[in-house]
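>>> Sequence unavailable; structure follows:
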């Protein structure tokens, strides 16, 4: 047993050294999630980012709600590229949301889906540097399609592979004037969970990334409650895909602060002092304060002081993420940049994604010039890790 453990330790040490040698840089960029229409060059210029990432809802195009030829969100992607930013672009396939099964290979439904992808690539294909073939598919796919079917394959894995071989590669082969982007699969969240690690659709996508030479690597999401979950997720990936690059299009401590939405602010002396300072009722709960922030807006100082009263809040966590990115060969990570969802009526069970953005436009009082205020929880450390990534990138070129 000791010999086996020693051998495994040697293997992982060798792999760690290899990741360090092969990694170009741990670049950090701006994530606009599923809303490319909010990409704003003026705000991009406020930080030293060089990358943007977006993943439109593709069924909005498939269903005819949006037109690939005219949609403003796609125009924003092109604008960013022309302004000098590098672009990570992909699609969110909401099969579960629409109660849809993944279509059979060669079916008319699949042809319709693939034609929509081709139409979108016809508009933006010459302006992207990374193409992602999915977004959180283990959450957005019906359970049947995450498991082996009676034909002997996992529908999600087959569909993703066919997106590559029937759409992406033929498109770029037919347009040699475009630089073919690096192609990634995955954008897999919650890989620290045993449920995900034992899902055939998840392991199948990681194996696809590992074994297919046309795929650059794997995309992983790291929304966590504990920083140890970063290692849990990335160790699992590296057990299947040892050396290829990883990108992290989304990361945050969302799972941590989402566990505490219902707690009373006055549950400790610092919280009671905060309530007294800002003239709030001593019975105010955190979700009620969130509602105030999202409707009336609060100052950056008040926002920072509130989180300073929370014993669970983890300052400087971005620096921790960055160290893990270095250790595991993450070549690019993008972080939520501008406010998107900020409910006016936050309840005890509301998802509080609005805590994340670098510019908390919907929760913080604007700056004197009317611009969205920077989020004091993350802004300084975000700038620091962006600059670290840029220095590493320059040093290796």
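That came in fine, so what should we check first? Fair warning: this is a prediction, and the values are worked out from it, not measured in the lab.

>>> Compute the distance between residue 36 and residue 297, please.
25 Å (Cβ to Cβ, to the nearest Å). Any C-beta I mention is one placed from the backbone N, CA and C, and that applies to glycine too.

>>> out of those two, which sits in the more crowded spot?
residue 36 (25 against 17; other Cβ atoms under 10 Å).

>>> Name the residues of stretch 321-339 that are buried.
For stretch 321-339, a neighbour-count test (16 or more other Cβ atoms under 10 Å) marks 321-322, 324-339 as buried.

>>> okay, and the helix or strand of this protein with the least pLDDT?
helix 2-22 (a mean of 42; mean pLDDT, DSSP states H and E).

>>> now, which of the buried residues of stretch 321-339 lie within helices?
Residues of the buried residues of stretch 321-339 located in helices (DSSP state H): 321, 322, 324, 325, 326, 327, 328.

>>> contacting residues around the third one?
So the one you mean is residue 324. 227, 230, 231, 234, 330 (Cβ atoms under 8 Å, 6 or more residues apart in numbering).

>>> can I assume residue 200 is in contact with residue 146?
Yes. With contact defined as Cβ atoms under 8 Å, residue 200 reaches residue 146; the gap is 6.5 Å.

>>> So between those two, which is more surrounded?
The neighbour comparison of residue 200 against residue 146 (other Cβ under 10 Å) goes to residue 146, with 22 against 15.

>>> so who does the more buried one touch?
138, 154, 155, 156, 199, 200, 201, 202.

>>> want to throw those into JSON lines with pLDDT and secondary structure?
As requested, those are arranged in JSON lines below (pLDDT from 0 to 100; DSSP: H, G, I helix; E, B strand; the rest coil):
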{"residue": "138", "pLDDT": "97", "secondary structure": "helix"}
{"residue": "154", "pLDDT": "98", "secondary structure": "coil"}
{"residue": "155", "pLDDT": "98", "secondary structure": "helix"}
{"residue": "156", "pLDDT": "98", "secondary structure": "helix"}
{"residue": "199", "pLDDT": "98", "secondary structure": "coil"}
{"residue": "200", "pLDDT": "98", "secondary structure": "helix"}
{"residue": "201", "pLDDT": "98", "secondary structure": "helix"}
{"residue": "202", "pLDDT": "98", "secondary structure": "helix"}
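
>>> In ChimeraX, select just the buried ones from those residues.
The ChimeraX command for the buried members of the contacts of residue 146 (criterion: 16+ other Cβ under 10 Å) is given here:
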select :138,154,155,156,199,201,202
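
>>> now, which of the contacts of residue 146 sits nearest residue 380?
Nearest to residue 380 out of the contacts of residue 146 is residue 138 (Cβ to Cβ; 33.5 Å).

>>> what sits against the closest residue to the closest one other than its chain neighbours?
Nearest non-adjacent residue to residue 138, counting by Cβ to Cβ, 6 or more residues apart in numbering: residue 202, 5.2 Å away. Residues in contact with residue 202 (Cβ under 8 Å, 6+ apart) are 138, 146, 188, 191, 196.

>>> Now render the residues you listed as TSV, adding secondary structure and distance to residue 374.
TSV is the format used below for the contacts of residue 202 (DSSP: H, G, I helix; E, B strand; the rest coil; distance: Cβ to Cβ, whole Å):
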residue	secondary structure	distance to residue 374
138	helix	33
146	helix	39
188	strand	30
191	coil	31
196	helix	34
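
>>> ok, those vs residue 344, which is closest?
residue 138 (31.0 Å).

>>> Relative to residue 156, how far out is the closest one?
For residue 138 relative to residue 156 (Cβ to Cβ), the value is 8 Å.

>>> Helices of the stretch 201-350 of the chain, residue ranges please.
For the stretch 201-350 of the chain, helices defined by DSSP state H, counting those that start in this stretch occupy the ranges 228-240, 254-257, 269-277, 286-296, 300-308, 317-328.

>>> Of those, which is nearest residue 177?
helix 317-328 (33.6 Å).

>>> okay, the angle between the closest one and helix 228-240?
20 degrees (axes from the mean of the first three to the mean of the last three Cα atoms, to 10 degrees).

>>> List the contacts of the residue lying closest to residue 225 once chain neighbours are set aside.
Nearest non-adjacent residue to residue 225, counting by Cβ to Cβ, 6+ apart: residue 255, 3.8 Å away. Residue 255 is in contact with 223, 224, 225, 229, counting by Cβ under 8 Å, 6+ apart.

>>> By neighbours, which of those residues wins?
residue 224 leads these on contacts (other Cβ under 10 Å) with 22 neighbours.

>>> Excluding residues flanking it in the chain, which one is nearest that residue?
residue 255 (5.4 Å).

>>> ditto for residue 216
Ranked by Cβ to Cβ, 6+ apart and with sequence neighbours excluded, the top spatial neighbour of residue 216 is residue 182, at 3.9 Å.

>>> pretty sure that neighbour contacts residue 133?
No. Taking contacts as Cβ under 8 Å, residue 182 lies outside contact range of residue 133: 11.6 Å.

>>> Tell me which of the two has more neighbours.
residue 133 (27 against 18).

>>> Would you check how far apart the more buried one and residue 67 are?
For residue 133, the distance to residue 67 - Cβ to Cβ - is 22 Å.

>>> any chance you could map the strands in the chain?
27-31, 51-54, 86-90, 130-132, 182-188, 217-223, 246-252, 330-336 (DSSP state E).

>>> Next, the residues that contact stretch 302-319 from outside, please.
With Cβ under 8 Å, 6+ apart as the test, stretch 302-319 has contacts from 227, 253, 256-257, 259-260, 265, 268, 270-271, 273-274, 277-278, 289, 293, 320, 335, 360, 363-364, 375-378, 381-382, 384-385.
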